[in-house]
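Undergrad: predicted coordinates and the sequence they were generated for:
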Amino acid sequence: QVQVIESGGGVVQAGGSLRLSCAASGRPFSEFAIGWFRQVPGKEREFVASIMPSSNTDYEDSVKGRFTISRDNAKNTGYLQMNSLNPEDTAVYYCAVDRSRFVNRNSHVWDYWGQGTQVTVSS
């Protein structure tokens, strides 16, 4: 049974930073692709960033240069460092993991999800 737990959300002023963490268990962590998604009420869950077991990364255009996804296999944890936050980044952020090499930006293909963590950026 794969379990995913996010942490690190909170309230921050515009221009500030937060680091989200994603702990996953139930399979060797190094085998997981890790994805971060976000969702605001009334909208579809949208892709933010992903990192593959190979450490290849992908970013949604609006977060490139501001967000950094990383992983520490020894700690079974993935991270999303978010800098230069703006109010448009306010959302519930979800971590997803998957053992497939064929995951992509479509949230529906990811197998395992955390419960989400709220990020609120005030202006």
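TA: Thanks, I have the structure now. Numbers count the residues shown, from 1 in each chain.
Undergrad: please report how far the residue nearest to N76 when sequence neighbours are not counted lies from G78.
TA: Nearest residue to N76, sequence neighbours excluded (Cβ to Cβ, 6 or more residues apart in numbering): F29, at 4.1 Å. Yep, even glycine has a C-beta here, placed from its N, CA and C like the rest. Distance, F29 to G78, by Cβ to Cβ, to the nearest Å: 8 Å.
Undergrad: and for V4?
TA: 10 Å.
Undergrad: give me the common contacts of the two.
TA: The overlap between the contact sets of V4 and G78 (Cβ atoms under 8 Å, 6 or more residues apart in numbering) consists of 22, 24, 95, 97.
Undergrad: so for A33, what's the pLDDT?
TA: Looking at A33, its pLDDT stands at 97.
Undergrad: report the contact partners of it.
TA: 50-53, 97-101, 103.
Undergrad: now do the shared contacts for F29 and G78.
TA: With Cβ under 8 Å, 6+ apart, F29 and G78 have common neighbours R71.
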